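# give me a model of this one.
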Amino acid sequence: MLIVACSKSEIKEVYKVENRATENYKNRTLQVYTTARGTALRLTKTSEQTFKDKVQPLETEIAVFVNPKKTFQEYLGIGGAITDASAEVFSTLNNEQQERVLQSLYGKDGIGYNIIRTSIHSSDFGLGSHTYIEEGDAQLKTFTIKKDKEKRVPFIKRAIALIKKEDLVFYASPWSPPAFMKTNKNMLQGGKLLPEFRQSWANYYVQFIKAYEKEGIPVWGLTIQNEPMAVQRWESCIYTANEERDFLKNYLGPTLEKAGLGDKNIVVWDHNRDLISDRANTIFEDPEASKYAWGIGFHWYETWTGGLPKYDNLKNIKESFPSKNLLFTEGCAEGFNSEKLQFWPNAERYGNSIINDFNSGVVGWTDWNILLDERGGPNHVQNFCFAPIHADTKTGLLTFTPTYYYIGHFSKFIKPGALRISTTTSRTAIESTSFKNKDGKIVTVVMNKTDAKMGYKLIVGNSETFLEIEPRAMQSIIY
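Residues are numbered from 1 along each chain as shown. So this is what the prediction gives:
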């Protein structure tokens, strides 16, 4: 044990150095943007104020504490999935409506999406099941993305044309291998990948990447399997933790490297937060598998059991495997109901998840379908869900749900490359996270989950300001 004695003068000098290091925001201007239930406020600029000297906060006051000196993970971005369903709905719109959808999500005046996920052949969100090969073609001689090129690929191309090249994150996920490669001989209802087709299936990912990049769509990475522990009535395939680990290290990883695609980012798990620790422990503790894994992806549906979201599991993974990245790969409000297009709790679910996921070390956040129709589809097994934007395919009317604006409170203002900075609150009634963009601007997002208007102090370093937030509201504060 090493014990160092310091004189009072030395301690005082250390304190002075630390005190000088505290950032002073006095007289700096801040802008507040608000979305609130029961009002017309939708990402609306509602005030502009300045910071003053900090005053010791009291227990009777509500406060958000931001320490810009403490930085954490780098922000990758936010976005959503362009599925066959989204592409199908998009194709029914006229040119003006299509442009409005694109600009609202990806344009400079929109909410700044930069992440796009898609499926490797079909998922439940589409008009039916399909693959890229003829059934039984293990050699992949008939491989073609011709079907994707009809509607999905053109939609993706128009979206990426609006995203800065250096910010684009495009990745893909399979829901199921072709039926003949599986134990149940069916793309639906679970089943497993047969051992004799592991190499063929690994080759399939390579063919997908090459085909999409031939179309001018740069592939950032892929997940190994969507929801590998869920037997679904739609496209699905089961991998235990050991099976996914072994497929990664013995087949997929080496196959991508051999094909010159070793720079593609492989994301494991791609399922809920409940079992995520077991998957991380199994794969990341194996050096030969771990070397191929960029990180681990997750969804938010663990609450189907009646419990709360398991954010602590994410924090545990970040502490246990600090070199690995956490990526939210899917979430949506299930059980579509046309009378709930403006249902505020759907948006609040997003706000709660995005704030807590980022505060748990997550680098990026991917919503599910970016666009669905008036029924919450199309979906070939009637698994209808909500999306940020719905289009009535009969009238062409576009509906922007509260979720669109809640997501926008993050994606519009936080830019790729930003660093998350230390942010806490003094009450559970509000939730908050902050990021510092490369240009030095800080974005603090605050959510009021209560039915009461609330005043609170925003304390940044040794400066503060007093703000108010409407009931059931989200704010982005830029300074």
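# and the end-to-end length of stretch 244-258?
The stretch stretch 244-258 measures 20 Å between its terminal residues, going by C-alpha to C-alpha, to the nearest Å.
# who's in contact with that stretch?
Applying C-beta atoms under 8 Å, 6 or more residues apart in numbering, the external contacts of stretch 244-258 come out as 193, 198-199, 201-203, 205-206, 224-225, 228, 239, 262, 264, 266, 268-269, 279, 282-283, 286, 288-289, 291-293. Quick note: C-beta positions are derived from backbone N, CA and C, even for glycine.
# among those, which are in helices?
Among these, the members found in helices (DSSP state H) are Arg198, Gln199, Trp201, Ala202, Asn203, Tyr205, Val206, Arg279, Thr282, Ile283, Glu288, Ala289.
# just want the most central residue of the protein.
Centrality entry for the chain: nearest residue to the mean C-alpha point is Trp365, 1.3 Å, by C-alpha atoms, centre = their mean.
# dump the residue contacts of that residue.
Taking C-beta under 8 Å, 6+ apart as the definition of contact, the neighbours of Trp365 are Gly77, Ile78, Gly79, Ile115, Leu327, Phe328, Ile354, Asp357, Phe358, Phe410.
# any of those buried? List them.
Gly77, Ile78, Gly79, Ile115, Leu327, Phe328, Ile354, Asp357, Phe358, Phe410 (16 or more other C-beta atoms under 10 Å).
# how about Glu302, secondary structure?
Under DSSP: H, G, I helix; E, B strand; the rest coil, Glu302 falls in the helix class.
# if I look at it, how far off is Glu196?
According to C-beta to C-beta, to the nearest Å, Glu302 stands 34 Å off from Glu196.
# now do the SS call for the residue nearest to the centre of the chain.
Taken by three-state DSSP, the conformation at Trp365 corresponds to strand.
# which residue, other than its chain neighbours, is closest to it?
Here the nearest residue to Trp365 in space, its sequence neighbours aside, is Phe328; by C-beta to C-beta, 6 or more residues apart in numbering that works out to 4.3 Å.
# ok, now Ile145?
If you skip the residues right next to it in sequence, Ile145 has Ala211 as its closest partner in space, 4.6 Å away by C-beta to C-beta, 6+ apart.
# so that neighbour makes contact with Lys146?
No: the pair Ala211 and Lys146 fails to qualify as a contact (C-beta atoms under 8 Å) at a distance of 9.7 Å.
# verify the stated contact: Ala179 with Leu194.
No: taking contacts as C-beta under 8 Å, Ala179 lies outside contact range of Leu194: 10.8 Å.
# for the closest residue to Lys151 other than its chain neighbours, what are its contacts?
Sequence neighbours aside, Ala87 is the residue nearest to Lys151 in space, at 4.1 Å (criterion: C-beta to C-beta, 6+ apart). Taking C-beta under 8 Å, 6+ apart, we find Ala87 in contact with Lys151, Arg152, Pro154, Phe155.
# one more: Asn313?
For Asn313, the contacting residues are Arg273, Asp274, Ile276, Ser277, by C-beta under 8 Å, 6+ apart.
# do Gly79 as well
Taking C-beta under 8 Å, 6+ apart as the criterion, Gly79 is in contact with Tyr113, Asn114, Ile115, Ile116, Arg117, Val169, Gly364, Trp365, Thr366, Asp367, Ile370, Ser411.
# could you do Val153 as well?
The neighbours of Val153, taking C-beta under 8 Å, 6+ apart as the test, are Ile145, Tyr212, Glu215, Ile217.
# let's see that with 6 Å instead.
Glu215 (C-beta atoms under 6 Å, 6 or more residues apart in numbering).
# same deal with His299?
Taking C-beta under 6 Å, 6+ apart as the definition, contacts of His299 comprise His271, Asn272, Glu330, Gly331.
# mind running it again at 10 Å?
In this structure, His299 makes contact with 226-227, 230, 269-274, 276, 328-332, 366, 368, judged by C-beta atoms under 10 Å, 6 or more residues apart in numbering.
# what's the answer for Pro471, then?
Residues in contact with Pro471 (C-beta under 10 Å, 6+ apart) are Ala36, Arg37, Gly38, Thr39, Asn448, Lys449, Thr450, Asp451, Ala452, Lys453, Met454.
# 7 Å - rerun?
For Pro471, the contact set (C-beta atoms under 7 Å, 6 or more residues apart in numbering) comprises Arg37, Asn448, Thr450, Asp451, Ala452, Lys453.
# gap between the fifth one and Asn316?
In this case it means Ala452. Using C-beta to C-beta, Ala452 is found at 34 Å from Asn316.
# any of the contacts of stretch 244-258 buried? List them.
Judged by neighbour count, with buriedness set by 16+ other C-beta under 10 Å, the buried members of the contacts of stretch 244-258 are 193, 198, 201-203, 205-206, 224-225, 228, 239, 264, 266, 268-269, 279, 282-283, 286, 289, 292-293.
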